[in-house]
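[1] Take this sequence and fold it.
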Amino acid sequence: MSTFDPDALECLAAIVEEGGFERAAQRLSITQSAVSQRLRALEAQVGTVLIVRSRPLKATAAGQLLLKHTKQLRLLRADLERDLKELAPSSIGGAREEERISIAINADSIATWALPALGELARQGLPLEIITDDQDFTHEWLREGQVLGCVTTLKQALRGCRVVPLGAMNYVAVAAPAYAQQHCPQGLTPHNFRELAFLAFNRKDDGQTEFVAKAFGLKRVTLNQLFVPSSEGQVRAVLAGWGVSVVPELLARGLLEQGQLVNIAPGHVLPIQLYWHCWNLESDVLESLSAALTSAAAAML
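    Have a look, this model is predicted:
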């Protein structure tokens, strides 16, 4: 089997992660011409195109395989860094930009329980990169080899990966008291949900429609939706009277207790089961990430 130049592999990863040759060159502190040369040399070695020059740039199937291999090498280096720090703490400097350990986590988990779970690892110097996406789509980042683990709703383990159940995140429908009094004084009902403005994360977020469909036994639901791509931003928009939203109970709990929000469907909760997927590799870094996330989830979900 061919041995691939680590610098060329990191060059490929930089092009994909930064979305272009110019930004990859800036990250690697080399010229754009050098980036192109490294990529061409790698493509010549593999015997196929690795990057589709589209907008945005995309890795081909072969490029995705090499990207996954590159991230596995990063994980091995991170393990080595940790082991060497224990033996000679003063001998190891900070991680390079390209040494990032990437994981994909849904925005609602980031806004509630996941960041506290990872705090100790970050303080220890683990060079984390957290990529956010909808919980129904984070596993695609893992499937494509762009991250080494993800929090997702997918139950079935991906090939070459292991999966651990994290628990259920409960979602509730909330509104500001003044908005609720004006638009739904009797709460959320099968007769008024079409008249309300629902705040969703983005167009991939089906949590609002799923909540309403489950609450009222409906097969198809069409809502009037506004989009705010931030879990905390959705809550702030609800507080400002933009409309109602289905948000994690963990995120709304304090505001509900203080009376700044009201539960407009107190008899209904939407539980979303979450799972941690990661590569099935022997790695101290990976084990530490898995242990931190599963422990925090067990305590809070």
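
[2] ok, and the closest non-adjacent residue to Glu43?
    Computed as CB to CB, 6 or more residues apart in numbering, the closest residue to Glu43 that is not its neighbour in sequence is Leu50, at 5.2 Å. Backbone N, C-alpha and C define where each C-beta goes, glycine included.

[3] Check this protein for its longest helix and report it.
    If you go by DSSP state H, the chain has its longest helix at helix 61-87.

[4] angle of whichever helix or strand comes after it against helix 61-87?
    Using DSSP states H and E, the helix or strand that directly follows helix 61-87 along the chain is strand 101-106. Angle of strand 101-106 versus helix 61-87, following axes from the mean of the first three to the mean of the last three CA atoms, to 10 degrees, is 110 degrees.

[5] what are the pairing partners of strand 101-106, and which direction each?
    If you go by DSSP bridges, strand 101-106 pairs up with strand 128-133 (parallel), strand 149-152 (parallel).

[6] Mind checking what helix or strand follows the longest one in sequence?
    Downstream of strand 128-133, the next assigned helix or strand under DSSP H and E is helix 138-143.

[7] follow-up on the earlier one: could you give the average pLDDT over the longest helix of the chain?
    When pLDDT is averaged along helix 61-87, the result is 82.

[8] what distance separates it from the middle of the whole chain?
    Using CA atoms, centre = their mean, to the nearest Å, the distance from the centre of helix 61-87 to the centre of the chain it belongs to is 20 Å.

[9] Which neighbouring elements make contact with it?
    Other helices and strands packing on helix 61-87, by 3 or more CB pairs under 8 Å, 6 or more residues apart in numbering; DSSP states H and E, are helix 6-18, helix 32-46, strand 101-106, helix 284-300.

[10] tell me which residues in the last one are buried?
    Buried positions in helix 284-300, judged by neighbour count with 16 or more other CB atoms under 10 Å: Val285, Leu286, Ser288, Leu289, Ser290, Ala292, Leu293, Thr294, Ala296, Ala297, Met300.
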